[in-house]
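Trainee: Kindly generate the corresponding structure for this input.
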Amino acid sequence: MGSQTNAPLPDGLEIGGYRIVRRIASGGFSIVYLAEDAHGEQFAIKEYLPSSLVKRKEGELAPAIEDKNIATFRNGLKCFFEEGRSLAQIFHPNVVRVVNFFRANDTVYMVMAYERGRSLQELVLRNRGKGPKMGVLAERHVIAVFTQVMNGLREVHANRLLHLDLKPANIYLRLDGTPLLLDFGAARRALDADGPKLFPMYTPGFAAPELYRRNRQLGPWSDVYSLGASMFACMAGAPPQPADKRELEDKLPATIARLGESGAYSVPLVELVAWCLKLSPLERPQSVFALQRALRRIARQAGSQPPDRSLGRWIDSITARLPFRRREDRSGSLSLPG
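Mentor: Residues are numbered from 1 along each chain as shown. This next block holds a predicted model:
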């Protein structure tokens with residue numbers, strides 16, 4: 001995904017009943033702001049602003065759109081708005097809560113609950129190379145986090161939505177360790193059909209092979225691939241080989257074999273990750289429910305307990321030593337180095 005080249009809205013701006021505090025993240029399709037309502041309650045507001053289609057200079061509010069890009073921009077705008085409306089119907093502890101959406105400045109804004117914590121990616125990067133074995137996150141933590149992630153994703157799929165950009169950067173861990181799915185990609189999914197200039201719309205390593213093709217069959221199995229890639233990244237410390245490279249020369253089976261031989265993870269868990277990462281969609285679990293059932297079976301065999309305060313304590317042990325820094329992700333999604 002490209003980087004955001006447009007100027008953000010100014011701090012202190014009043015818009016849609018909220019006051020912009022500051023920008024907190026940005027990517028090729030949007031800018032996210034910390035904002036407050038009239039009562040001082042904090043929210044995260046995402047502004048639809050695809051930098052490949054529109055331009056906005058410092059001091060301006062509405063973006064400038066060339067005539068040739070208007071149709072594509074409006075199509076994406078509609079999808080972004082529709083997705084906000086769909087997500088607003090989802091009430092689940094593991095899915096980001098959309099509380100409002102509105103039009104202003106010739107674009108659309110999605111208002112979400114503001115959560116405190118860290119991205120799963122940040123914890124993986126900080127914990128990588130700390131242990132004596134190949135593994136990064138302990139197996140019990142991988143199971144605890146992804147069992148809950150799957151709970152949220154099942155609810156998303158039940159509402160006829162796909163995420164299409166699952167990765168550790170888009171899995172947020174609250175202070176108590178419970179995960180939250182962020183940054184849904186339906187607007188990107190709609191946009192990529194309109195023109196090649198909007199590619200790539202995926203994150204290499206985490207994207208299923210069918211996302212690389214124009215005429216593709218997308219479904220829950222596409223998110224299942226990304227779940228497997230995310231679990232792999234949490235275990236190996238880096239994303240798997242990108243799917244398009246695998247179709248030319250597949251080196252991933254050997255990497256997964258080494259992960260299994262490391263002794264850091266049980267054979268059933270490694271095999272489950274390999275199952276998710278099959279290149280053929282038909283060879284993967286066809287639903288998150290099927291995958292979650294298999295993961296719970298592994299948890300029972302290993303004697304893993306349901307997630308509790310130990311996960312929050314583990315997060316604290318990694319982050320407590322580090323001063324909190326305000327981070328601005330200009331790419332919208334930091335990829336784990338491969």
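Trainee: And the strands in the stretch 1-150 of the chain, which stretches?
Mentor: 14-15, 18-26, 30-36, 42-48, 54-55, 64-65, 98-104, 107-113, 117-119 (DSSP state E, counting those that start in this stretch).
Trainee: Next, the angle strand 18-26 makes with the fourth one.
Mentor: Counting by axes from the mean of the first three to the mean of the last three C-alpha atoms, to 10 degrees, strand 42-48 lies at 70 degrees to strand 18-26.
Trainee: Strand 42-48: which residues count as buried?
Mentor: Across strand 42-48, burial judged by 16 or more other C-beta atoms under 10 Å covers 43-48. Bear in mind the C-beta positions are built from the backbone N, C-alpha and C, glycine included.
Trainee: Can you tell me what sits against that strand?
Mentor: If you take C-beta atoms under 8 Å, 6 or more residues apart in numbering as the criterion, strand 42-48 is touched by 9, 16, 18, 20-21, 24, 29-37, 76-77, 80, 99, 107-115, 187.
Trainee: got it, and the longest one?
Mentor: Outside strand 18-26, the residues within contact range by C-beta under 8 Å, 6+ apart are 3-4, 8-14, 31-37, 42-45, 111, 326, 328-330, 332.
Trainee: Can you name the residues that contact residue 77?
Mentor: Contacts of residue 77 by C-beta under 8 Å, 6+ apart are 48, 107-108.
Trainee: how close does residue 91 sit to residue 113?
Mentor: To residue 113, residue 91 is 11 Å away according to C-beta to C-beta, to the nearest Å.
Trainee: Just name the shakiest helix or strand of the protein by mean pLDDT.
Mentor: The weakest-scoring helix or strand in the chain, judged by mean pLDDT, DSSP states H and E, is helix 186-191 (a mean of 49).
Trainee: next structured bit after it?
Mentor: helix 220-236 (DSSP states H and E).
Trainee: pLDDT averaged over that following helix - what is it?
Mentor: Helix 220-236 carries an average pLDDT of 96.
Trainee: Check which residues of the very next helix or strand once past it are buried.
Mentor: Going down the chain from helix 220-236, the next helix or strand is helix 243-246, by DSSP H and E. Neighbour counts over helix 243-246 (16+ other C-beta under 10 Å) mark 243, 246 as buried.
Trainee: Check what contacts helix 243-246 and list those residues.
Mentor: 204, 207-209, 211-212, 225, 240, 252, 279.
Trainee: what's the following helix or strand after that helix?
Mentor: Immediately after helix 243-246, counting by DSSP H and E, sits helix 252-261.
Trainee: Report the backbone C-alpha coordinates of the very next helix or strand once past that next one in CSV.
Mentor: Beyond helix 252-261 in the direction of the C-terminus, DSSP H and E gives the next helix or strand as helix 267-276. Extracted in CSV, the C-alpha atoms of helix 267-276 (Å, rounded to 0.1, in the frame of the first residue of the first chain):
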residue,chain,number,x,y,z
VAL,A,267,3.5,-30.2,16.0
PRO,A,268,-0.3,-29.9,15.9
LEU,A,269,0.0,-26.0,16.1
VAL,A,270,2.6,-25.9,13.3
GLU,A,271,0.5,-28.2,11.2
LEU,A,272,-2.6,-26.0,11.7
VAL,A,273,-0.6,-22.9,10.5
ALA,A,274,0.5,-24.9,7.5
TRP,A,275,-3.1,-25.8,6.8
CYS,A,276,-4.1,-22.2,6.8
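Trainee: related to what we said a few turns ago, which of the contacts of strand 42-48 are buried?
Mentor: 9, 16, 18, 20-21, 24, 29-35, 76-77, 80, 99, 107-112, 114-115, 187.
Trainee: Just list the residues touching residue 252, thanks.
Mentor: Counting by C-beta under 8 Å, 6+ apart, residue 252 has contacts 240-241, 246, 277.
Trainee: Domain map for this structure?
Mentor: 14-113, 117-319 (automatic domain parsing).
Trainee: For residue 148, find the nearest of the strands of the stretch 1-150 of the chain.
Mentor: strand 117-119 (13.3 Å; C-beta to C-beta).
Trainee: thinking in terms of the whole chain, how far from its middle is that closest one?
Mentor: Centre-to-centre, strand 117-119 and its host chain are 12 Å apart (C-alpha atoms, centre = their mean, to the nearest Å).
Trainee: again with stretch 90-101
Mentor: On C-alpha atoms, centre = their mean, the centre of stretch 90-101 falls 15 Å from that of its chain.
Trainee: Equivalent analysis for stretch 232-247, please.
Mentor: 16 Å.
Trainee: just stretch 288-305 next, same as before
Mentor: 22 Å.
Trainee: Repeat that for stretch 22-37.
Mentor: Counting by C-alpha atoms, centre = their mean, stretch 22-37 comes out at 16 Å from the chain centroid.
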